[in-house]
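Asker: Compute the structure for the input listed below.
(2 chains)
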Amino acid sequence: KNQVEQSPQSLIILEGKNCTLQCNYTVSPFSNLRWYKQDTGRGPVSLTIMTFSENTKSNGRYTATLDADTKQSSLHITASQLSDSASYICVVSAHSPGSARQLTFGSGTQLTVLP
Amino acid sequence: NAGVTQTPKFRVLKTGQSMTLLCAQDMNHEYMYWYRQDPGMGLRLIHYSVGEGTTAKGEVPDGYNVSRLKKQNFLLGLESAAPSQTSVYFCASSYRPTLSTDTQYFGPGTRLTVL
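Answerer: Numbering: from 1, shown residues only, chains lettered A, B, ... in the order given. Coordinates of the predicted model:
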């Protein structure tokens, strides 16, 4: 069964500090990996997407890495801001030829940035 | 563009009642999806559609029905609501998925409580 596990479940940091969120997956056959940001009471919004051949992707202060060999990804947030407080969800896509794409969602890391 | 919109935002039902959740998108996306999000769990796919007039089952389809009569709308129905269907429901849409461009755009969610 495809699984995506994220750690930590929750994280509290001070404004201006950096942090790294982890995602481990057992999804096959791997197609791509995304990180989404979900503000409280809102739908998820895509931050980055990486395919098998990409090992890093940046979006402003967000940098995602992918190690397809160890099946791990991380999301690094630099110089955190209060608006970074949200749930960050790792989503892994599997796709076999001739079948529908399957997405497996992690349960998210709840990040709280304090002033 | 409004993106993906959902109606209603909140709803309280009694066990056995029925209701329909409406999702609309104005991005001319071919694919549309219904998910549910429960505390401590990742989003789970209920049903999806790859085009007007088509629907398919996802991971947790039991107790739900869907229809896609128009390309821009995707309806989720609960014929006889049960307390286990208390959840936050998200609709999403996307272009036809490719290896690196299958980003899904989510609506704001509908919070449903079944008493």
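
Asker: Could you pull out the strands in chain A for me?
Answerer: All strands of chain A, identified by DSSP state E, fall at A:3-7, A:10-14, A:19-26, A:30-38, A:45-51, A:56-59, A:62-67, A:72-77, A:86-94, A:102-105, A:109-114.

Asker: which residues are contacting the helix or strand of chain A with the lowest mean pLDDT?
Answerer: The weakest-scoring helix or strand in chain A, judged by mean pLDDT, DSSP states H and E, is strand A:102-105 (a mean of 86). By C-beta atoms under 8 Å, 6 or more residues apart in numbering or on different chains, the surrounding residues in contact with strand A:102-105 are A:2-4, A:25, A:27, A:89-95, B:42-45, B:104. Where C-beta positions appear, they are placed from N, C-alpha and C, glycine not excepted.

Asker: give me that answer again for 6 Å
Answerer: Contacts of strand A:102-105 with the rest of the structure, by C-beta atoms under 6 Å, 6 or more residues apart in numbering or on different chains, involve A:2, A:4, A:27, A:91, A:92, A:93, A:94, B:42, B:43.

Asker: Highest neighbour count among those residues?
Answerer: Within the contacts of strand A:102-105, residue B:43 tops the neighbour count with 29 neighbours, counted by other C-beta atoms under 10 Å in any protein chain shown.

Asker: Can you give me the distance of that residue to residue A:108?
Answerer: According to C-beta to C-beta, to the nearest Å, residue B:43 stands 9 Å off from residue A:108.

Asker: Each with direction, which strands does the least confident helix or strand of chain A pair with?
Answerer: Its sheet considered, strand A:102-105 pairs with strand A:86-94 (antiparallel) by DSSP bridges.

Asker: what is the orientation angle of the strand it pairs with with strand A:109-114?
Answerer: Interaxial angle, strand A:86-94 versus strand A:109-114 (axes from the mean of the first three to the mean of the last three C-alpha atoms, to 10 degrees): 150 degrees.

Asker: Any stretches of the chain with poor pLDDT?
Answerer: Went with chain A since none was named. A:96-101 (pLDDT under 70).

Asker: Chain B is the one I meant
Answerer: Using pLDDT under 70, the flagged stretches of chain B are B:99-101.

Asker: Spell out which parts of chain B neighbour chain A.
Answerer: Contact residues (C-beta under 6 Å from any C-beta of the partner chain) of chain B with chain A: B:40-43, B:90, B:97, B:99-100, B:103, B:106-109.

Asker: And the buried ones among those, selectable in PyMOL?
Answerer: The buried subset of the residues of chain B next to chain A, as determined by 16 or more other C-beta atoms under 10 Å in any protein chain shown, is captured in PyMOL by this line:
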select buried, chain B and resi 42+43+90+97+100+103+106+107+108+109
